[in-house]
Structures are given as C-alpha cells and as structure tokens.
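1. any chance you could fold what I've pasted below:
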Amino acid sequence: DPNEIDKEAHNMDVSYVYGLDFYKATQRYAHPKEVESMMDLIGGRIGTVLQYEGMGFTHEVSDISEGPVMSAYTSLESMDDKLDAQMSLGVRIRAVDVKDVAHRVITRHLLPDIQGSLKRFTGQQLRCPKCNSKYRRIPLRGACYCGNKLTLTVHEAGVSKYLEKAKAIGMTYGVPAYTIQRIALLESAINSLFQSDKVKNSKLDEFL
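-> Residues are numbered from 1 along each chain as shown. Here you go, the predicted model:
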C-alpha cells in the first residue's frame, strides 16, 4: 500500500518531459512549491491505477532489481579516495554548494564516527588472543588467567582514522568556525587519551 511507506517517496518525480513553463521558472529561481503543479509526482497518483504503472525513467534496464554492476563506491578502495572524489565532484558542479557538502560530510559522518569510536574505546573489553577470554576490567595480575598478555579490541588507529581527513576538509572548504572547534575538541580528547601524561622535566626559564 503506497500510503504506508515514507511520505518522502511521494515526492518522487516521474515525468517523461518538462514543459516550457517549468524551464522558464528555473531561470527565475522559482520556489519548488510554485512549480509543483507542473510536475508529475508519485503523491499525485496515489489512489489511482497510475500509482503502480506508467512512471517515467531515464535509463532503460532489463530488470530493475539487477542494480549497477560497477559504482564509484566499489571502484574506489579507501574512504579517503571516496571523500576526495565526492568533494571534487561537488567543486565541478555549479549547482552544488561545496561548503555545505563539506559541512554535512563532517558533521553527519566523520564526527559521529570519531565520537562513537571514542566511546567504544573507553568502554571496550580486553581479549586474550590465546584462550579468547574477555574481560571488562584488567585482572589484578595484569594478564589473562592463562598467563597470556591481553590485547585491546578497539585500537588507537580506529579511533583517530578520520580525524586528519575531517581537519583537511574543514580547512580546505571553509566550514563554519563552530565545526572547526568541534574537530579541535575531539582532537584534544584523543590526544589526552593516547598521549603520555608523564611529568616532563622542565627548566626554570620555561616559566619566565
């Protein structure tokens, strides 16, 4: 039943062609609500036989469930390559606000990943690679009861893997100062967690 799915899907445009009035409206940057009546949207077909058929499309396929054989997500191996390709594409498309794209990538993907990794690191278990025993806290003897050393299940590299990329994207594309500050706070938290807090010998002239 089309009425039971997410209403956002009802905004899908299934027009085969667009009228001259539509193109004139785009030239004066008309509000989407103004041109909505010119569009053939799924929402306008609900309750009719056309809610299931006669929808326009751009690419002919033999089977709609097959999907693409190759995509940039699979051809680009590392996350750095994927992010670079996304930002590079945004720069080349005039309709894209690349600063907004950078802000969204950082705040909706990179920062939540870093924050989640920090949380997992501080609440992680310890594992014995020999007998596979797991501990919430380090035993008083400092090793597994089988005598083997314990290892972490979440490592430093996994926590900070997107930090430098977030900083680079933020500085390159001029994201808001608040976002830059959030990145700096996370960097400070990571440094505080992983860098040695041992007291360093200081000279008197360092305090002058």
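
2. center of this structure - which residue?
-> Nearest to the mean C-alpha position of the chain, by C-alpha atoms, centre = their mean, lies His109 at 2.7 Å.

3. give me the pLDDT for Glu53.
-> Glu53 is assigned 86 on the pLDDT scale.

4. residues near it, how many?
-> Counted with other C-beta atoms under 10 Å, residues neighbouring Glu53 total 7. All C-beta spots, glycine's among them, are computed from the backbone N, C-alpha and C.

5. Ile114 too?
-> 23.

6. next one: it from Ser160, what distance?
-> 7 Å (C-beta to C-beta, to the nearest Å).

7. which neighbours do the two have in common?
-> Residues touching both Ile114 and Ser160 (C-beta atoms under 8 Å, 6 or more residues apart in numbering) are Ile190.

8. and the lengthiest helix in the chain, which residues are buried?
-> With DSSP state H setting the assignment, residue counts place helix 177-194 as the longest helix in the chain. With burial defined by 16 or more other C-beta atoms under 10 Å, the residues of helix 177-194 counted as buried are 179-180, 182-183, 186-187, 190.

9. same list (these) but as TSV, adding distance to Lys167 and pLDDT.
-> Shown next, in TSV, are the buried residues of helix 177-194 (distance: C-beta to C-beta, whole Å; pLDDT from 0 to 100):
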residue	distance to Lys167	pLDDT
Thr179	11	95
Ile180	8	95
Arg182	11	95
Ile183	6	94
Leu186	10	93
Glu187	7	93
Ile190	12	90
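
10. most widely separated two among those residues?
-> Within the buried residues of helix 177-194, Thr179 and Ile190 form the most distant pair, 16.8 Å apart (C-beta to C-beta).

11. can you count the residues close to His103?
-> When neighbours are counted by other C-beta under 10 Å, His103 registers 19.

12. then Val159?
-> 24.

13. which phi and psi does it have?
-> Per-residue torsions, Val159: phi -80, psi -40 (degrees, to the nearest 10).

14. which residues does it contact?
-> 114, 117-118, 121, 190, 193-194.

15. with distance to Tyr135 as added columns, please give the residues you listed in a markdown table.
-> Formatted as a markdown table, the contacts of Val159 follow (distance: C-beta to C-beta, whole Å):
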| residue | distance to Tyr135 |
| --- | --- |
| Ile114 | 26 |
| Ser117 | 20 |
| Leu118 | 20 |
| Phe121 | 15 |
| Ile190 | 24 |
| Leu193 | 20 |
| Phe194 | 21 |
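
16. ok, and what's touching the helix or strand bottoming out on mean pLDDT in the chain?
-> Within the chain, confidence by mean pLDDT, DSSP states H and E is lowest for helix 72-75 among all helices and strands, at a mean of 82. Helix 72-75 has contacts (C-beta under 8 Å, 6+ apart) with 82, 85.
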